[in-house]
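Asks: Below are the sequence and a predicted model for it; my questions follow.
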Amino acid sequence: MSRSGKIAWKKVLRWLPGVVISAIAIYAVIRFSHMQDISEALKSVRLSFILVMLALSVLSLAVRAIAWRTILGRQVSFPAAFFGVSEGYFLNNLFPLRLGELGRALSVGRSSGLGILHVLSTIIIERAFDIVYAAGIVLLTLPLVVGADWIKPIAMIAFAVVLLGLLVLYLVANNREKFQSWISKRNFRSKFITERLLPQVTKIIDGMSALVKPSQFLLSVFWIGMTWVVWMVMYYYTVTQLAANPPLWWGLFIAGLLALGVAVPSAPAALGVYEGSLVGALAILGVSTGSALAYAVILHLIQIVVTAIFGLWGLIREGQNLTTLFSTLSNQKKVEELESNEGL
């Protein structure tokens, strides 16, 4: 096999697992859903629901932009952060391997002068906060779902561990130089640790440089939390269309479980995995899988459309070309070369 063929095959192997997972998720949700229920649920969807979801989707982008801008130390304008976030989501819907995150870093890093790698590290911090929130929310709401008192102490202990993780992140942010020095002195034999894990840890530590002030750290946590509030409202309003008088925490549980679900590698736009996670969360709460799948598809389409509108708008503002952008994002070394050429 030629060198170019080997490179192409390696790229296929990188995104193939995600496609397989998406295919399995699509098969599962269709297999366990009744077409008649799906058809009836689609017919029951009101225009007012779609309009509310559109508004909440735009609001979630705006709040997420404020959160990310706070992590960046407000070194970029709100429009730059808003369109950067939108471009990232839009590119994730088009390209495999979550290249949208790299696209967001490329766009904002170059336009702001902060540097691509620095901006990318703050995106990793943003995602770390999301995982902490998702885990904490699921742990707190799980006892309410299963209705077992014995699991509540376990959930509280697990949630305390999650909070401890946030505290550790803050302490590392304030002692990042010592922490990096300690890591560099370790002699790890595992290639996975040295080639995969440690570079990601280094990026996270670099991103924490903007969070050394307690006020900024807390503000970042607050605005990420506000994003989750918007998502909670979005999914609570959705479940009100499917169940009578659901409790508010249902929206939180759905948001948390969905976030953990779409974190799994998948095809672009989390196709199948998004629907499977949402259907699974609603099924746990007693909603029929057919109705859940119908609303999952609608919600996913709305989010794809909203991010496409603002993502394309942002790319047009910057004069970006999708073909050129994809070729750049497909090879991370090119991005690093750009970084060094810019002297950042």
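Replies: Yep, it's here.
Asks: rest of the way, CA atoms for contacts and neighbours
Replies: Fine.
Asks: Ala259 versus Ala270, what's the distance?
Replies: Applying Cα to Cα, to the nearest Å, the value for Ala270 to Ala259 is 11 Å.
Asks: Looking at those two, which has the bigger crowd around it?
Replies: Each of Ala270 and Ala259 has its neighbours counted (other Cα atoms under 10 Å); Ala270 has more, 24 against 20.
Asks: Give me the next element, helix or strand, following the helix or strand containing Ala281.
Replies: Per DSSP states H and E, Ala281 falls inside helix 273-284. Sequence-wise, the next helix or strand downstream of helix 273-284 (DSSP H and E) is helix 289-318.
Asks: tell me what the helix or strand harbouring Leu144 is packed against?
Replies: According to DSSP H and E, Leu144 maps onto helix 116-146. Where contact means 3 or more Cα pairs under 8 Å, 6 or more residues apart in numbering; DSSP states H and E, helix 116-146 is packed against helix 47-71, helix 99-112, helix 151-174, helix 198-207, helix 214-240, helix 249-262, helix 332-341.
Asks: repeat that for 7 Å
Replies: Identification of packing neighbours for helix 116-146 by 3 or more Cα pairs under 7 Å, 6 or more residues apart in numbering; DSSP states H and E yields helix 99-112, helix 151-174, helix 198-207, helix 249-262.
Asks: quick check: mean pLDDT across that helix?
Replies: If you average the pLDDT over helix 116-146, you get 83.
Asks: now the angle from whichever strand or helix holds Leu325 to helix 289-318?
Replies: Taking DSSP H and E as the criterion, Leu325 maps to helix 322-329. Counting by axes from the mean of the first three to the mean of the last three Cα atoms, to 10 degrees, helix 322-329 points 100 degrees away from the direction of helix 289-318.
Asks: Report the mean per-residue pLDDT for helix 322-329.
Replies: 71.
Asks: same question, stretch 101-113
Replies: Across stretch 101-113, pLDDT averages out at 86.
Asks: How many residues are close by Thr289?
Replies: 26.
Asks: now do the one 4 residues further on
Replies: Counted with other Cα under 10 Å, the burial measure for Leu293 works out to 30 neighbours.
Asks: ok so, going back, chain center to the helix holding Leu144: distance?
Replies: Remark: helix 116-146 is offset 9 Å from the chain centroid, using Cα atoms, centre = their mean, to the nearest Å.
Asks: Show me which parts of that helix are buried, residue by residue.
Replies: Residues of helix 116-146 classed as buried: 116-126, 129-143 (neighbour count, 16 or more other Cα atoms under 10 Å).
Asks: Taking helix 99-112 as reference, get the angle to that helix.
Replies: Relative orientation of helix 116-146 and helix 99-112, computed by the same axes, to 10 degrees: 140 degrees.
Asks: what angle sits between helix 116-146 and helix 249-262?
Replies: Counting by the same axes, to 10 degrees, helix 116-146 lies at 130 degrees to helix 249-262.
Asks: just the angle between helix 116-146 and helix 47-71, please?
Replies: Using the same axes, to 10 degrees: helix 116-146 against helix 47-71 is 130 degrees.
Asks: Can you tell me which residue sits nearest the middle of this protein?
Replies: Per Cα atoms, centre = their mean, the C-alpha nearest to the average position across the chain is that of Arg127, at 6.1 Å.
Asks: what's near enough to touch that residue?
Replies: By Cα atoms under 7 Å, 6 or more residues apart in numbering, the contact set of Arg127 is empty.
Asks: can you do 10 Å?
Replies: With contacts defined as Cα atoms under 10 Å, 6 or more residues apart in numbering, Arg127 is in contact with Ser121, Tyr133, Ile224, Ala263.
Asks: Quick check: closest non-adjacent residue to the third one.
Replies: By that I understand Ile224. The shortest distance from Ile224 to any non-neighbouring residue, by Cα to Cα, 6 or more residues apart in numbering, is to Ala67 (5.5 Å).
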